[in-house]
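A.B. asks: fold the following for me, if possible:
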Amino acid sequence: MPRGVPNAKRDESALRFTNFHVPLALNPKHVGSTYLKSESQTLWSRNAIRAHRSRLALDETGSATPTEVSRTRRGAKVVVIHPGSRFLRIGRASDVTPLTIPNVVARKQTPPIPTPVYVEGISRPKEGRRRATPSTSTPSGDEYAVTMASDDPFDAKVAAITVSLRDRMRFYKLRVTPNAASIATSFNDQFKPEIIPEVNDPYHVDWIYSSDQPYLVGEDALRIANPEEMGYVVRWPIYGGNFNTRDYPSLQVAYNDIETILREALKQKGIEPSAYKEYSVVLVIPDYYDRSYVEGLVRILLVDMGFKQFCAQQESLAATYGAGISNACVVDMGAVKTSIACVDDGLVIADTRMVLSMGGNDIAEFLYVLLEKIGFPYRDINLARSYDWSVLEDLKARLCTLAEGDVALNLYDFSVRRPGKATEKYGLRAYDEIILAPMCLFEPRVVEFDNKKRGMRFLTRVPDMAEEMVEQSNDKFTERYTQAMLISTQHLFPILMPALIEHPLPIATPAVQTPATEGQSLAVTPQVPSAAATTPVTPAAVTPVGEEPPSTTEAKDEDVEMTDATAPPTESGAPSASGADEEKPSEEKPAEEPTSEDKDKDKDKDKGKGKDATPTAAPSEAPVEIIDVDEIETKAPAAPPPEQPHPLSILPLGFRGFNLDVSFEASKLPLDVAIFNSARAAGGDEKIRKYLQAVLVVGGTALVPGMAHALESRLQAIATPLVPNMEKVQIIPPPKDVDPRVLAWKGAAVLGKMDGVADLWVSPADWELFGMRALKERCFYL
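C.D. replies: Numbers count the residues shown, from 1 in each chain. Take a look at the predicted model:
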């Protein structure tokens, strides 16, 4: 060993005595450089300075004088685009209202042309019972009682919704018409349509019987008489806030159709392709967005169409801008999905985002199924045809209501316009079908979520190495599951018991996070049930139908679902926060193992007594769980210190081992429960009270009469027993004379006209250099 070299280690690399020199890291205390230490040295600032200098140069040459700039209206060079599943809303930021066109394209294709097939999203009755008269009346003295003489599962689901309706009618002291279904069926079966000549029809449709165009967009695509015979394939490229991967063989075909629709819509607004480079774009994206979806749209706008620059804004934030408020729980009810998110001072709280897989299309389809039960007079209806679907949309807009006082045996009329035939005017009598149809949002047991998911493909994205190095895997986990989704599905995850932790299994089982968990991390680790939840209550989402919930002593040896703060059960009719009510122990039914879909949908038939009928919770025999994060110490018995989980049980992505799609299971929740869980994910009781007193409902489905009162009463019934000092739930109506369907677009137009939007623009050069990182750095709220 050389003298003077203490603790010399053996050199394994054989490079120690070579000329290769590795310099040491610099001492930051001695560094005097200011490189990249100020905002002015970033690429964004340098680009802004360069753009400002170019504008000054244009002014000096006289090509753009200040007077010309002042003459142009603010926002006239900004295009606001809000794509939806059913409609595309597009226009300049300076416009009062956007151009709204159906987001559909019909494109010529070589034979054979596939036959359009409608994907059923609502349960159907058994064959042979589609026109059977439902027996919902009883000869007993109780006019609100509902009896079911059929063993059809569909009739059982409808009867459960009818019970909820009758309980609300009982509370409001509204009379029930006896034998209304039989009266309506006999009238509808005997009705003959009235033929209206074309000259007397003010809404006559000019059908397209022949066309040589390679594609047709919007209303023109829906006016094709027979797409199959004419060689057209009609597709909707966007479905539920994402690309429609069910109908498109590849994403590139979907990109092409979206670009075609955008170009045709801009042509209607007087914007030619040669002028795209002069326009900036404000793109409205979903709250719970898919990275591949946003990347695809941005690539279309910047690369394929060549716009000057763009910025993105989430729907909830745009809705608050349009309504002129800074804090709200925004409920966007569209045709296919319903998105929920809480906005706090111009920032969408990421953990409160939820997406429900139901919307206006489900209401229209459920209305059709209910009308079929009472002899719908238009027999030759096919939901896959555009003109037949428009008939249902018209009936939904004119008939459906959520106001119990509107339920009556009324006479309605509707017209059917088919290509090559005269207009037919039908008469229709209906009773409670008009309110049962929109009630599927609060009673989603009739919605077939698995059918909607069938055929959809997950989007794959080529990883960007720069993103992989900068972003943590934790952020990607946050993008996939939000705290509100975990709260809504926590009853589906068992918790490791002490015996399992002493002898861990090969695959760790995830547990539950409480809404008070700090930070963005959503890594779920198993927890030991402590005495803070010593009074476990099994929700009906896990208890099979007809079985009594287990007693306290029995539940200690079983899985505990709620670890937020479960207090001793009280006699209240409020539902559990996981989206299910308790089944009454007195009802004796054969026990069945519930499926993952039924776990979130199975509710008590007496739900309306506590949750729907009475604004405050009415007494019920079923125990429920009281979830109060702030009073966990006062209500719960003294708890021994919880045991530490086994190191092997800490699995950030333990959901894969459990094989449960959290976002899909959370999308099955009733609307009112999902709104409450979204507010819970924002924080403690103060946050819940804050957001439930400012619920902003937007979207086309918000136009259903009585929607505001229906949400208020149901949310009040949930929040009153669970949140201390809960005041009245308030539904904020849209501003006067503003259509709730265009409120998000108008909010994005407000952003496009603000001076602060200059800091949010992303140019094509920035996008090519940074990719998705450019959007995250410029749009701080994403």
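
A.B. asks: residue 693 contacts residue 727, correct?
C.D. replies: Yes. Using C-beta atoms under 8 Å, residue 693 is in contact with residue 727, at 6.4 Å. (Glycine included, C-beta is placed from N, CA and C.)

A.B. asks: how far away is residue 386 from residue 156?
C.D. replies: Going from residue 386 to residue 156 by C-beta to C-beta, to the nearest Å gives 33 Å.

A.B. asks: over to residue 78?
C.D. replies: Counting by C-beta to C-beta, the gap from residue 78 to residue 156 is 53 Å.

A.B. asks: with neighbour numbers in mind, choose between the two.
C.D. replies: Of the pair residue 78 and residue 156, residue 78 is the one with more neighbours under other C-beta atoms under 10 Å, namely 24 against 15.

A.B. asks: ok, that one - contacts?
C.D. replies: 92-94, 279-282, 749, 752-753 (C-beta atoms under 8 Å, 6 or more residues apart in numbering).

A.B. asks: now do residue 333
C.D. replies: Per C-beta under 8 Å, 6+ apart, neighbours of residue 333: 359-360, 441, 697-702.

A.B. asks: repeat that for 10 Å
C.D. replies: The contact partners of residue 333, by C-beta atoms under 10 Å, 6 or more residues apart in numbering, come to 339-340, 356, 358-360, 363, 441, 671, 697-704, 707, 740-741.

A.B. asks: likewise residue 296?
C.D. replies: By C-beta under 10 Å, 6+ apart, residue 296 lies in contact with 242-243, 251-252, 254-255, 258, 290, 459, 461.

A.B. asks: same question, residue 143
C.D. replies: 137, 166, 169-170, 175-178.

A.B. asks: repeat the analysis, applying 8 Å as the threshold.
C.D. replies: 175-176, 178.

A.B. asks: how about low-confidence regions in the stretch 51-200 of the chain?
C.D. replies: 59-71, 128-141, 149 (pLDDT under 70).

A.B. asks: so where do the helices sit in it?
C.D. replies: According to DSSP state H, counting those that start in this stretch, the stretch 51-200 of the chain carries its helices in the segments 66-71, 153-171, 180-190.

A.B. asks: same deal with the stretch 251-400 of the chain?
C.D. replies: 251-268, 291-298, 315-323, 360-373, 386-399.

A.B. asks: now those in JSON lines, with mean pLDDT?
C.D. replies: Below are the helices of the stretch 251-400 of the chain laid out as JSON lines (pLDDT from 0 to 100):
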{"stretch": "helix 251-268", "mean pLDDT": "94"}
{"stretch": "helix 291-298", "mean pLDDT": "91"}
{"stretch": "helix 315-323", "mean pLDDT": "93"}
{"stretch": "helix 360-373", "mean pLDDT": "94"}
{"stretch": "helix 386-399", "mean pLDDT": "94"}
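
A.B. asks: out of the ones you listed, nearest to residue 229?
C.D. replies: Nearest to residue 229, of all those, is helix 386-399, at 14.6 Å by C-beta to C-beta.

A.B. asks: re the thing from before, out of the helices of the stretch 251-400 of the chain, which is closest to residue 124?
C.D. replies: Closest approach to residue 124 among the helices of the stretch 251-400 of the chain (C-beta to C-beta): helix 360-373, 6.4 Å.

A.B. asks: that closest one - contacts with which helices or strands?
C.D. replies: If contacts are counted by 3 or more C-beta pairs under 8 Å, 6 or more residues apart in numbering; DSSP states H and E, helix 360-373 sits against helix 386-399, helix 433-436.

A.B. asks: direction included, what does whatever helix or strand comes next after the longest one pair against?
C.D. replies: Read it as helix 386-399. Later in the chain than helix 386-399, the nearest helix or strand by DSSP states H and E is strand 410-416. As defined by DSSP bridges, the strand partners of strand 410-416 come to strand 423-430 (antiparallel).

A.B. asks: now the strand it pairs with: mean pLDDT?
C.D. replies: For strand 423-430, mean pLDDT is 93.

A.B. asks: quick one: residues in contact with that strand.
C.D. replies: 183-184, 187-188, 191, 193-196, 198, 201, 204, 371, 374, 376-378, 399, 409-418.

A.B. asks: about what we covered before: can you tell me which of the helices and strands packed on helix 360-373 is most buried?
C.D. replies: Comparing those by mean neighbour count (mean count of other C-beta atoms under 10 Å), helix 433-436 comes out on top with a mean of 25.
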